[in-house]
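K.L.:
Return a 3D structure for these sequence lines:
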Amino acid sequence: MEAILFKNVEKIVVELKKRGLGISEICREMGYTSTQQINNVLNGKSLISTKAIANLINKFNVNPIFLFMGLGNMFEVPEKEIKKLTSENEALKIEEKSLREEIAILKECVKTHEKRNADLIDITAAAIKFYQSENKK
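P.N.:
This next block holds a predicted model:
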């Protein structure tokens, strides 16, 4: 289990770096006073402290099941964030419906204009033929 924990801590640190956090900031939030402490953990030279584990879970929303077993999502989504995203999703669904209705109206306008354009082309062609036939007389 220790090897899985070390591997998962390393994955979490890599992901936090991808998200723009520096190693010093990650160490500080985990409760370490130097980057060497996290490097020792990642290299397997020392065990991760219980405080660091708790801080990973609490401060970075790390999923404990991922941390210890490598299963599930790496990070948990806080309930507040879920509610916010659900609300935003509902608003987007309403906006999508409105936009789809507008698109349908615009498609009808395009069809109408295409028909008018075709009629104008027919009228213009007929006028040109008429004019040419009048000039031949």
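K.L.:
Find the residue at the geometric middle of this protein.
P.N.:
The central residue of the chain, meaning the one whose C-alpha is nearest the mean C-alpha position (C-alpha atoms, centre = their mean), is L85 at 11.7 Å.
K.L.:
any idea how far the nearest residue to that one once chain neighbours are set aside is from N63?
P.N.:
With sequence-adjacent residues excluded and distances taken as C-beta to C-beta, 6 or more residues apart in numbering, L85 is closest to V77, at 7.8 Å. Heads up, the C-betas are built off the backbone N, CA and C, glycines and all. As defined by C-beta to C-beta, to the nearest Å, V77 lies at a distance of 10 Å from N63.
K.L.:
And K18, by the same measure?
P.N.:
K18 sits 17 Å away from N63, taking C-beta to C-beta as the criterion.
K.L.:
can you tell me the average pLDDT over the longest helix along the chain?
P.N.:
For the chain, the helix that runs over the most residues, judged by DSSP state H, is helix 79-136. Mean pLDDT, computed over helix 79-136, is 92.
K.L.:
Stretch 40-55 too?
P.N.:
Mean per-residue pLDDT for stretch 40-55: 91.
K.L.:
ok, and what's touching that stretch?
P.N.:
Stretch 40-55 is touched from outside by 2, 5-6, 9-10, 13, 29-32, 37, 67, with contacts defined as C-beta atoms under 8 Å, 6 or more residues apart in numbering.
K.L.:
Just flag the most distant two among the residues you listed.
P.N.:
Pairwise distances among the contacts of stretch 40-55 were taken by C-beta to C-beta; the largest, 22.5 Å, belongs to E2 and E29.
K.L.:
still on that earlier bit, which one's more surrounded, V77 and N63?
P.N.:
Each of V77 and N63 had its neighbours counted (other C-beta atoms under 10 Å), and the higher figure belongs to N63 (19 against 12).
K.L.:
Report pLDDT for the nearest residue to that one once chain neighbours are set aside.
P.N.:
Among residues not flanking N63 along the chain, E76 sits closest, at 4.8 Å (C-beta to C-beta, 6+ apart). The predicted structure scores E76 at 86 on the pLDDT scale.
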